[in-house]
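**Student:** Turn this into a model:
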Amino acid sequence: MTVVLPPQPFLMPGIRPILHPRPFIPRPAAGDAFTPQNLIPLAQQQAMLQALWFLAQHQLAVQALGLATRQQASAQYMPPVPPVAKLPGYQSLRIVYNNDPHEKFKALPYLVSAFSELSRQGDAAGRDVLRLNSGDNNVGKEAHEWALNVRLMNLIRYHAVTMGNHELDLGSPFYAGGLAQAEFPTVVSNFKIQPGSELDKRVREGKILTAPQILRDKQGTYGLIGVTTPDLKKVVSNKAKMQGETVQSFAETVENVKAQVAWLQSMGINKILVLSHLGYDLDQKLARTVPGLDVIVGGHSHDVIEGITPGANYLQTPTGEPVLIVQGGKNAQYMGVADVLFDPQGRVIPQQNKLISTYILPPDAQATQMRDDVLGKPQKIAEIMTPYDCNDNQYHADTVAQFTADTLRGATGADIAFVRSSEIRSNIEQGVFTDHDIKELMPFKDPIVRVKYTGTEILDSLNRSAQGLAKHEAHPGMLHPSGMAFSLNRQTGKVQQAYVFNKTSRQWEQLNPNKTYTVALGEFSVSNKEFPAFSRPERVEWNSGQPMQAFFALGLKQAGAPHQPIRFHDDGRLQIVSQPPANAFAVKL
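**Tutor:** Here you go, the predicted structure:
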């Protein structure tokens, strides 16, 4: 086999085209095809035909924004509000939702404006309106930033949120401290809080609800159940300070939700929503397992789900009721609006599920001032020539991750460096890049460490990354390298070829399973279990004490910032393939 490899693994010309995200359209699963009409009595079907025809015509007529402020919104449009139900016993609801914003302070003032306007439109059309959030509002360990985040969320006027895993980056005492200012409830039933803990104080204040929340609006009464991911122990650092909290398994969570649905139904409530941080796959399982659910507002898996697709995000419970699942990606790129009807038996009839750019309206002035008072005005640190889309980095080579990994390897003297796709959390626009941008790009504060691993342990971790690729899972994400070149097969979920750059000989050589290598990476990857072979905290031989964002800033300076424009390149060191091994592995320089 001929191996074509570069003389040294540094960034060279050869820009990868930026792949912009497209809405994910779920595909029906086998055996799940059905139509809403199958679930509605024939007499009611006939009575609804005329209303549904007018609805279809209405949805085709996209109308421009009318208010002066909305005319400034870059010629973008909001979806029209479908007509409310005129049939006896039917009710109309608008759900305005978002999930996994990951503390994007740039986006929060825009979210305040968009939530307000979408809610106003729904209310003006005669609909009930719920403003909901499915968790991961925090990211990182800065308690003062979490407190600011909560104050900005108050301006959105959420009716309810649930808890994501990243809320616990802070540790449960600091998470509880920020919630002291909350003017919205956090609804979470499968997360067990110890009596006397800081979070228990929020429970006793009514700011955390472990039982269903009941909301009454103009037309109807709604029950809300909140659940978080059963994988908290895997995705929360074991260094995060906790106070004995535990989370139920998925099987236990299912039984918990069944009991809460039964309780709500005993109270005469038959319109039931779940705020879920389980992820899309488990949301589907929940919908197919628990009778009585109507809508699941999801998060955690970062799926971009637009529209209503029977068999995928529009499912049936075991007793034949329809369930709608919605989710809006990550990093505050989108927010969603779902307009639904409920028939007299409480069965949901979806009308539309749309995703809208968070930045469709001008930012709210009060929210902007609140943010700048705490974080200060943004300061330029670089001029970026090549825009970057972080939504593409889980399943493709990543230019910013490679740039950062090169800096880590050079600064730490390690043989190899890895940057995980999940450690990069926002896009980079072409133009001015500020100190606020770098905090949003790399919000985690765990320090970079240098650890010794065998070639076998490195290969095991790369295979773990490839398994996630094959299953199209958000976790654990890709390992983007420096000092290595390798290919991953998206079909087999395995590494095909792996090479390491020998700093002494200045040549590439195959990864040696029996050799020990020094590796630079974030401490979180060493302390948690997402890459089990990397979970060796006792082997840390050097701790920089500096987070990844400090090394990225160093890399920008080494590349000439702020005086020289910055370009990010892909040199082909990580290749995703779908075929058997080729005759050559070529890193393009």
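
**Student:** okay, now Lys218: neighbour count?
**Tutor:** Counted with other Cβ atoms under 10 Å, the neighbours of Lys218 add up to 11. Every C-beta, even on glycine, is put in place using the N, C-alpha and C of the backbone.

**Student:** Hmm, I typed the wrong one, I wanted Leu469.
**Tutor:** Neighbours around Leu469, by other Cβ under 10 Å: 22.

**Student:** Leu488 is in contact with that one, correct?
**Tutor:** Yes - applying Cβ atoms under 8 Å, one finds Leu469 in contact with Leu488, separated by 5.7 Å.

**Student:** Break this structure into its domains for me.
**Tutor:** 85-361, 369-577 (automatic domain parsing).

**Student:** Can you identify the element that follows the worst-scoring helix or strand of the chain on mean pLDDT toward the C-terminus?
**Tutor:** Taking mean pLDDT, DSSP states H and E as the measure, the chain has helix 42-60 as its least confident helix or strand, at a mean of 36. Going down the chain from helix 42-60, the next helix or strand is strand 91-98, by DSSP states H and E.

**Student:** outside of that next one, which residues touch it?
**Tutor:** Strand 91-98 is contacted by residues 81, 84-85, 111, 115, 118-119, 121-122, 125-134, 217, 219-220, 222, 271, 273, 295, 297, 326, 328, 332, 334-342, 358 when judged by Cβ atoms under 8 Å, 6 or more residues apart in numbering.

**Student:** do that again at 6 Å, thanks
**Tutor:** 84-85, 115, 118-119, 122, 127-133, 219-220, 297, 328, 335-342 (Cβ atoms under 6 Å, 6 or more residues apart in numbering).

**Student:** Next step: these restricted to helices.
**Tutor:** 115, 118-119, 122 (DSSP state H).

**Student:** where do the helices sit along this protein?
**Tutor:** Going by DSSP H, the chain shows helices at 42-60, 108-124, 143-156, 172-179, 198-205, 232-235, 250-266, 280-289, 365-375, 399-412, 435-441, 455-471, 523-527, 548-558.

**Student:** With distance to Gly572 as extra columns, can I get these in JSON lines?
**Tutor:** Listed next are the helices of the chain as JSON lines, based on distance: least, Cβ to Cβ, whole Å:
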{"stretch": "helix 42-60", "distance to Gly572": "45"}
{"stretch": "helix 108-124", "distance to Gly572": "37"}
{"stretch": "helix 143-156", "distance to Gly572": "37"}
{"stretch": "helix 172-179", "distance to Gly572": "42"}
{"stretch": "helix 198-205", "distance to Gly572": "48"}
{"stretch": "helix 232-235", "distance to Gly572": "31"}
{"stretch": "helix 250-266", "distance to Gly572": "40"}
{"stretch": "helix 280-289", "distance to Gly572": "32"}
{"stretch": "helix 365-375", "distance to Gly572": "38"}
{"stretch": "helix 399-412", "distance to Gly572": "10"}
{"stretch": "helix 435-441", "distance to Gly572": "23"}
{"stretch": "helix 455-471", "distance to Gly572": "16"}
{"stretch": "helix 523-527", "distance to Gly572": "24"}
{"stretch": "helix 548-558", "distance to Gly572": "20"}
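
**Student:** related to what we said a few turns ago, ranking the domains of the chain by burial, who's on top?
**Tutor:** Most buried of these, by mean neighbour count (mean count of other Cβ atoms under 10 Å): domain 85-361, with a mean of 21.

**Student:** Between its first and last residues, how far does it reach?
**Tutor:** Length of domain 85-361, first residue to last, Cα to Cα, to the nearest Å: 29 Å.

**Student:** Low-confidence ranges, the chain, go.
**Tutor:** 1-77, 238-239, 391-394, 472-475, 579-589 (pLDDT under 70).

**Student:** rerun at 50
**Tutor:** By pLDDT under 50, the low-scoring segments of the chain are 1-76, 581-589.

**Student:** With respect to Asp389, which of the helices of the chain lies nearest?
**Tutor:** Smallest distance to Asp389 across the helices of the chain (Cβ to Cβ): 9.7 Å, for helix 399-412.

**Student:** ok, and what's touching that closest one?
**Tutor:** Against helix 399-412 from outside (Cβ under 6 Å, 6+ apart): 388, 417, 419, 424, 448, 450, 480, 482-483, 520, 551-552, 554-555, 568, 570.

**Student:** at 7 Å what do you get?
**Tutor:** For helix 399-412, the surrounding residues in contact (Cβ atoms under 7 Å, 6 or more residues apart in numbering) are 10-11, 16, 388, 393, 416-419, 421, 424, 428, 448, 450, 480-483, 520, 544, 548, 551-552, 554-555, 568-570, 573.

**Student:** which residues in the stretch 301-450 of the chain form strands?
**Tutor:** Secondary structure of the stretch 301-450 of the chain (DSSP state E, counting those that start in this stretch): strands located at 304-305, 314-316, 322-328, 334-342, 348-357, 380-384, 416-420, 431-434, 447-454.

**Student:** For the last one, enumerate the helices and strands it packs against.
**Tutor:** Translated: strand 447-454. Under the contact definition 3 or more Cβ pairs under 7 Å, 6 or more residues apart in numbering; DSSP states H and E, strand 447-454 sits against helix 399-412, strand 516-522, helix 523-527, strand 540-547.

**Student:** Including distance to Ile349, could the ones you listed go into TSV?
**Tutor:** Converted to TSV, these look like this (distance: least, Cβ to Cβ, whole Å):
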stretch	distance to Ile349
helix 399-412	44
strand 516-522	47
helix 523-527	44
strand 540-547	48
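
**Student:** for the ones you listed, which one sits closest to Glu245?
**Tutor:** Minimum separation from Glu245 across the helices and strands packed on strand 447-454 (Cβ to Cβ) falls at helix 523-527, 18.0 Å.

**Student:** Kindly export that closest one (C-alpha atoms) in CSV.
**Tutor:** This file holds the C-alpha atoms of helix 523-527, laid out as CSV (Å, rounded to 0.1, in the frame of the first residue of the first chain):
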residue,chain,number,x,y,z
GLU,A,523,-9.4,17.9,31.3
PHE,A,524,-13.1,17.1,31.0
SER,A,525,-12.3,14.3,28.5
VAL,A,526,-10.0,12.9,31.1
SER,A,527,-12.4,13.1,34.0
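
**Student:** Please state the offset of it from the chain centre?
**Tutor:** Relative to its chain's centre, helix 523-527 lies at 20 Å (Cα atoms, centre = their mean, to the nearest Å).

**Student:** residue contacts, the residue nearest to Met267 when sequence neighbours are not counted?
**Tutor:** Among residues not flanking Met267 along the chain, Ile214 sits closest, at 7.4 Å (Cβ to Cβ, 6 or more residues apart in numbering). Applying Cβ under 7 Å, 6+ apart, one finds that Ile214 lies in contact with 221, 223, 269.
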